[in-house]
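Chemist: this one's sequence-less:
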């Protein structure tokens, strides 16, 4: 019976010879030896990708060909008649940690007398369908941030259509690509801004870019009031120059100009402010006309968050606003000005 088992096994496992058959309890053990040595070659075919995604693929696949050769080196050609599916499963298990989201396909062809195993790759769903950029900045106006959003869309165009798993695997490369594209813009170069990018791979992949200038701050806005006859629509501009007199002391010299729409009267404020923690600033400013000193506090909460600012003059006048930033452009606040008869009003602000 053992001879019969050896004969059957030899026919089932083409390409191998049965050298030993031995009973092992309720099972039977077979020892197989390949019939000669097959001079295999492995040829990995990269998919057609835009730059720099093609470079990422080559880097991820580095060393894969050697690992595949280690599997097929002692595999007889005839064994593919029964071992093709296990071979594909084994190669897929090799590719999965290196190229997640890519599905390998195998094709064997003869190059003269040399069998060549060609491995090609197809992307597997789900895919990145679109990139959704959002640039935030406390030092750059909205009108400049819109150009940076367009820049991210252009830079990350090669990511669209790629498997989400692979985009996740190369997250740092995607973030670096977006950051480099922003750092090369004139806006970022001229303001010497620092860029930090976060990529969240999904079908609609969010790209959060924080662009902050350590040297300058610039903001422009328009505002309108409701509930007060003493307040009129206005347009404002803030320009600042940051500096650090001591380590850890973030300070800014700034000027603000507010133009009233009813009589085109202009109020200017010249001051200095200090930020002990992120989102908190305190300072003093000189307001004209009137040449009056004001002390001022800012508490910034960021987008979709509450905020507060408060001014008190040397004569004891209070001027403050407590509001909520609805998005990167629009905010609403309760406005109080102790210098006018209708002290409380509702203020809507749109950043430019």
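Modeler: Now that the structure is in, tell me what you want to look at. Predicted model only: the values in this text are computed from it and were never measured. Residues are numbered from 1 along each chain as shown.

Chemist: For the rest of this, base every contact and every neighbour count on C-alpha atoms.
Modeler: Noted.

Chemist: can you map out the strands along the stretch 1-150 of the chain?
Modeler: In the stretch 1-150 of the chain, the strands defined using DSSP state E, counting those that start in this stretch lie at 16-24, 27-34, 41-45, 102-111, 114-123, 130-136.

Chemist: How about the fourth one, which residues are buried there?
Modeler: Along strand 102-111, the positions that meet the burial threshold by neighbour count (16 or more other CA atoms under 10 Å) are 102-104, 108.

Chemist: Residues contacting that strand, please?
Modeler: By CA atoms under 8 Å, 6 or more residues apart in numbering, the surrounding residues in contact with strand 102-111 are 88, 91-92, 95-96, 115-124, 163, 166.

Chemist: try 10 Å
Modeler: Strand 102-111 is contacted from outside by 40-45, 47, 77, 80, 84, 87-89, 91-92, 95-96, 115-125, 162-163, 165-166, using CA atoms under 10 Å, 6 or more residues apart in numbering.

Chemist: residue ranges for the helices of the stretch 151-300 of the chain, please.
Modeler: When assigned using DSSP state H, counting those that start in this stretch, the helices of the stretch 151-300 of the chain occupy the ranges 164-169, 171-183, 186-191.

Chemist: what mean pLDDT does the longest one have?
Modeler: Helix 171-183 shows a mean pLDDT of 96 in the predicted model.

Chemist: Over to stretch 262-279?
Modeler: 92.

Chemist: cool, stretch 188-196 as well?
Modeler: Across stretch 188-196, the average pLDDT comes to 92.

Chemist: Buried residues, it. List them.
Modeler: By 16+ other CA under 10 Å, the buried positions in stretch 188-196 come out as 188, 191-193, 195-196.

Chemist: Make a markdown table out of the helices of the stretch 151-300 of the chain and add distance to residue 147.
Modeler: Formatted as a markdown table, the helices of the stretch 151-300 of the chain follow (distance: least, CA to CA, whole Å):
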| stretch | distance to residue 147 |
| --- | --- |
| helix 164-169 | 25 |
| helix 171-183 | 10 |
| helix 186-191 | 9 |
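
Chemist: Could you identify which of the ones you listed is most buried?
Modeler: With neighbours taken as mean count of other CA atoms under 10 Å, the helices of the stretch 151-300 of the chain reach their highest mean count in helix 164-169, at a mean of 22.

Chemist: Can you tell me what sits against that helix?
Modeler: Here helix 164-169 has contacts from 53, 56-57, 60, 96-102, 123-129, 159-161, 163, 170-171, 173-174, 199-205, using CA under 10 Å, 6+ apart.

Chemist: and with 8 Å instead?
Modeler: Residues outside helix 164-169 that contact it (CA under 8 Å, 6+ apart): 99-102, 125-128, 159, 174, 200-203.

Chemist: Nearest to residue 299 among the residues you listed?
Modeler: residue 200 (28.8 Å; CA to CA).

Chemist: Please look at the closest one and residue 206 and confirm they touch.
Modeler: Yes: using CA atoms under 8 Å, residue 200 is in contact with residue 206, at 5.3 Å.

Chemist: hang on, residue 336 packs against residue 347?
Modeler: No: contact criterion CA under 8 Å: residue 336 and residue 347 do not qualify, at 9.6 Å.

Chemist: Compare these two and say which one has the larger neighbour count.
Modeler: Applying other CA atoms under 10 Å to residue 336 and residue 347 shows that residue 347 carries more neighbours, namely 22 against 19.

Chemist: Which of the helices or strands spans that one?
Modeler: Taking DSSP states H and E as the definition, residue 347 sits inside strand 344-351.

Chemist: Check the model's average confidence along that strand for me.
Modeler: On average, strand 344-351 scores 95.

Chemist: So which elements touch that strand?
Modeler: Secondary-structure packing of strand 344-351 (3 or more CA pairs under 8 Å, 6 or more residues apart in numbering; DSSP states H and E): strand 216-226, strand 330-337.

Chemist: could I get the buried residues of strand 102-111 as a markdown table with pLDDT and distance to residue 307?
Modeler: Formatted as a markdown table, those follow (pLDDT from 0 to 100; distance: CA to CA, whole Å):
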| residue | pLDDT | distance to residue 307 |
| --- | --- | --- |
| 102 | 95 | 47 |
| 103 | 93 | 50 |
| 104 | 92 | 53 |
| 108 | 83 | 66 |
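
Chemist: Buried subset of the contacts of strand 102-111 as a PyMOL selection?
Modeler: Typed into PyMOL, the line below selects the buried ones among those, using 16+ other CA under 10 Å:
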select buried, resi 40+41+42+43+44+77+80+87+91+92+95+115+116+117+118+119+120+121+123+124+162+163+165+166
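
Chemist: if we can go back for a sec, I'd like the helices and strands packed on strand 344-351 laid out as JSON lines, including distance to residue 322 and mean pLDDT.
Modeler: Compiled in JSON lines, the helices and strands packed on strand 344-351 are given as follows (distance: least, CA to CA, whole Å; pLDDT from 0 to 100):
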{"stretch": "strand 216-226", "distance to residue 322": "14", "mean pLDDT": "94"}
{"stretch": "strand 330-337", "distance to residue 322": "5", "mean pLDDT": "95"}
